[in-house]
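**Student:** got a structure for you, letters missing:
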C-alpha cells in the first residue's frame, strides 16, 4: 500500500459546522453556505470530489482545470456513465453524453446540492434552485479571476518516499490554468403571489497542456473555452395552486477539445454548441394529508465538432495507450429529451409515496472521419511502421432513440424501535433506431432498509436491487449507421498519410451494421448491501461508519460471433516483463487469426458471465452543531477516510474511456484484448483521505484548508505481439491494478472577508490550489521495456483565484 499521510486541517466557517454528514438513506447535501466556505474549484467536478466521500473524480485536474471537461464521476464503484443529474427533482441529463448534465449550472445558482447513491433509483445529484431563496437581495454580482501562480515547490524531496516527477523524467511544463475569468449576475423580485429570479453567467478560461504544441511556433498552445448562460426561475400562485417554471440557455465554445486527454494538437477539435432547457411543475394538496405533484421538462442541445486538422487520424498501437482518451470522431450532434414526473404522497403515520417518471430522447448524429480514413502505425525501427488502415463510409446522418419509464412505490413504518422503509418498482428501458427497437426490458426493482437507535447513536442497514440505466453507449453500439467500414493492411508509401490507393489485404469489417444483440441478453442490475452506525455525540464530534457491498450482474460487452471467434487460435508470446513484479521472461497467451474469414465479422452485444464487484468502507469524523446558542464554535472539522476494492472486466486498456464497466467497444471482441481483462477499474483508487477544516477568528473573516489524498488509478503494462498473422497487436501483460499511477496529494486554501458598507454587502476571497506546488506524476508510461513507469506529466501547478461579490 502506498504510504498514507494523515492530516488534520483547520478551516473556517461562519457557522459551527459545514458540509455533509454521511447518510446513505436520506442522501447528503451541500448548501450555498458550504460552497462559499471551502476552495471548490468553481465547478461541479471539483465540488463533488471535495464534499462527497463516495464520489471518485476520474478527471486529472485541480483548481478549476476540469471546469469545461466532461464529467467522469463514479459513485460506489459504478460506471461514470450511470451518474444522473436532476434539477428540482426532474432530469437534466445529457442523453448523448452519459454522466453529464445538458446544461452546466452557473456556479452560484443552486441553493442546495444533494447527492444520493445507495438508496436511489437514479444515483447522482439533485440541484435545488428557488425562485426566492432565503435572504435574497435585489441584485447580486460576482467576479472572479484565476491564473497559474507557479513558484517553488514546498514539499521536500523524498517526501512520502516520492521525489518530484521531474526526477523520473517528466517534463517540467505542467498542466495549468493560464487564465480564468468569471462574471455572474442575479436579480430577484417577489410579490404576494409571484417570485422571479434571473441569472447570467459568463466564464472564459484558457488551459495549457504539455502535449499541446503549436505546429507553427513550436510553443505551448492554449485550449480556450467560453460559456454563457442565461437562466430564469419563477413561481406563480393561482389561488392555492403553485406553478414553478425554469428556463435556461447556454452557449459553449472550445478551441481544442480533447487536449485535456493529452491528444496531439492535430487530433483535438474545435467545438461549439447551444443548449436549451425548460421545466414546469405544480402541486396540489387534497384531503387532509395527501399531495399530488406533476412536473414536465424538455431540453435540446446542438453541438458542432470539427477536427483541428485536415489529416486523417493515425494512431500508434504503443503510444495510443498513453493518451487519457481516444480521439473523437468529428460530428454534428443534436439531441432532444422530454421528461415527466408525477406522484401521490400520503403523509400519514406510515407515509406512502407513488411516483411515475418517464423520458423519451432522440439523438441525431452526422459523423465523418477526416478523409473517411483512419490508420494505425507501430513505432519500432526494426519493422515496417505502417500497420492497418480503415476506410469508412462517407459521412451520413443517423438517428437513435432511448426511452425509460418507471413506476415506484415507497413506504415507511415504525416497528417498535425499528423504522423500516421499503421500495418496489417496475422499470422499463428501451433503445432503438427509427425502423427498429433494438432492446427493450421491463425489470423489477426492490429494496428494504431499517434504522434503529443503538448505543446512543443510530444503526442502519439496507439491501436494494436496481436495473442499470440504458445509456447512449448502448444505443450508439446498436445504431447500424455508425462508423461502418473495412480495415485493411496498410501499404504506406513512407509519408505516414493514408490514402485509398494504399490498401492491402482485407483484415476485418467494422461498424454498427455488423452489430447484433444476443438472443439470451438480459438487463444489467446493481445489487447492493450497506450497513453503518452513527455514533452518539462526544464533545463537538460525531463519527459515521459505513460498509458497502455491491455486485453488478450481466454487464454488457461486445463479443465476436462464434464463426469469427473460432478463427482465432491460441499461441504464445514471450513477455520480457520489467514491471518489478517478478514476472519477467514469462510466456503469455496470444491469439493468431487463421486466414480465410476476414470480412465476415459479426459483433454481438452480450452479458458478461462474471459479476463486477465493489467492497468499500468509509469512516467520517465531523463536528456538529452546538446544542445551545452559547455552544457556538467558530471552527469546523470534517475528516473522512475511505477504502475501496473494485474488480471486474472493462474494455482493453487504461483510463476511464476504456477501463470502465459502462463502456461498450468493438475492441473487447478481439480475443487478444481479453487477455488479463479482469482487474481493478479506473475508479478504484484503493484508499483516500479528505480533511476539511475552517476557522472564523473574527466575525466576517474565515479561513479554510482542504487536504486530499488519493491512491493513484490502476493501469496496465502493455506488451506487443509482433508476429501475429493479423499484424502487431498490443496485449495487457498483467491484470489491471497490478500497477498504479503515483498517488495524488493536494492542499488548497481559501480566505474570505464578508462585511457591509451602507446598503452594500460585499465579500472578498482568495484561493490557492496545490499550495505546496506538489509535483507528483499525473501520467506514467505503460509500455514494456526501459520506459515503463517513466513519468510523463506532473500534477497541475499552483493556481490562484481572487473573487469579489456584491449584494445590493
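**Tutor:** On my side now, so go ahead. Model, not experiment: these values are computed from the prediction. Residues are numbered from 1 along each chain as shown.
**Student:** who touches the helix ranked longest in the chain?
**Tutor:** For the chain, the longest helix by residue count, based on DSSP state H, is helix 44-51. Residues outside helix 44-51 that contact it (CB atoms under 8 Å, 6 or more residues apart in numbering) are 19-20, 28, 30, 34-35, 38, 40-41, 55-57, 59, 61-64, 66-67, 69, 71-73, 104-105, 113, 115, 125, 690, 692, 706, 708. Where you see a C-beta, it was placed from the backbone N, CA and C, and this is true even at glycine.
**Student:** ditto for stretch 257-271
**Tutor:** 59, 61, 65-66, 69, 207, 209, 211-215, 221, 223, 252-256, 303-309, 311, 313, 322-325, 327-328, 330, 657, 779, 792-793.
**Student:** Listing request: residues of the protein with sub-threshold pLDDT.
**Tutor:** Along the chain, the model assigns pLDDT under 70 to residues 1-19, 135, 380-385, 579-585, 626-632.
**Student:** Helices of that one, start to end?
**Tutor:** 32-37, 44-51, 472-477, 562-565.
**Student:** As CSV, those helices with mean neighbour count and distance to residue 617 would be great.
**Tutor:** Below are those laid out as CSV (neighbours: other CB atoms under 10 Å; distance: least, CB to CB, whole Å):
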stretch, mean neighbour count, distance to residue 617
helix 32-37, 20, 25
helix 44-51, 24, 19
helix 472-477, 22, 30
helix 562-565, 15, 40
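**Student:** Residue 491: which of those helices is closest?
**Tutor:** With CB to CB, the closest approach to residue 491 among the helices of the chain belongs to helix 562-565: 24.4 Å.
**Student:** what distance separates the closest one from the middle of the whole chain?
**Tutor:** Distance, stretch centre to chain centre, for helix 562-565: 35 Å (CA atoms, centre = their mean, to the nearest Å).
**Student:** ok, and what's touching that helix?
**Tutor:** Applying CB under 8 Å, 6+ apart, the external contacts of helix 562-565 come out as 559, 597, 600-602, 671.
**Student:** 7 Å instead, please
**Tutor:** 597, 600-602 (CB atoms under 7 Å, 6 or more residues apart in numbering).
**Student:** Save those residues as a markdown table, and put in neighbour count and distance to residue 337 too.
**Tutor:** Shown next, in a markdown table, are the contacts of helix 562-565 (neighbours: other CB atoms under 10 Å; distance: CB to CB, whole Å):
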| residue | neighbour count | distance to residue 337 |
| --- | --- | --- |
| 597 | 16 | 42 |
| 600 | 13 | 38 |
| 601 | 21 | 34 |
| 602 | 17 | 32 |
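**Student:** ok, those vs residue 192, which is closest?
**Tutor:** The closest of the contacts of helix 562-565, once distances to residue 192 are taken by CB to CB, is residue 602, at 66.5 Å.
**Student:** Now that closest one: closest residue in space, sequence neighbours ignored.
**Tutor:** Excluding its sequence neighbours, the residue lying closest to residue 602 (CB to CB, 6 or more residues apart in numbering) is residue 561, at 4.0 Å.
**Student:** Around the one you found, how many other residues sit close by?
**Tutor:** When neighbours are counted by other CB atoms under 10 Å, residue 561 registers 16.
**Student:** Residue 324: what's it in contact with?
**Tutor:** Neighbours of residue 324 in contact, by CB under 7 Å, 6+ apart: 60, 261-262, 655.
**Student:** ok, it to residue 664 distance?
**Tutor:** 19 Å (CB to CB, to the nearest Å).
**Student:** who touches the residue lying closest to residue 518 once chain neighbours are set aside in this structure?
**Tutor:** Leaving out its chain neighbours, the residue that sits closest to residue 518 by CB to CB, 6+ apart is residue 606, at 4.5 Å. Counting by CB under 7 Å, 6+ apart, residue 606 touches 518, 521, 557, 559.
**Student:** coming back round to it: of the helices of the chain, which approaches residue 88 most closely?
**Tutor:** Minimum separation from residue 88 across the helices of the chain (CB to CB) falls at helix 32-37, 15.1 Å.
**Student:** Packing partners of that closest one?
**Tutor:** Helices and strands touching helix 32-37, by 3 or more CB pairs under 7 Å, 6 or more residues apart in numbering; DSSP states H and E: there are none.
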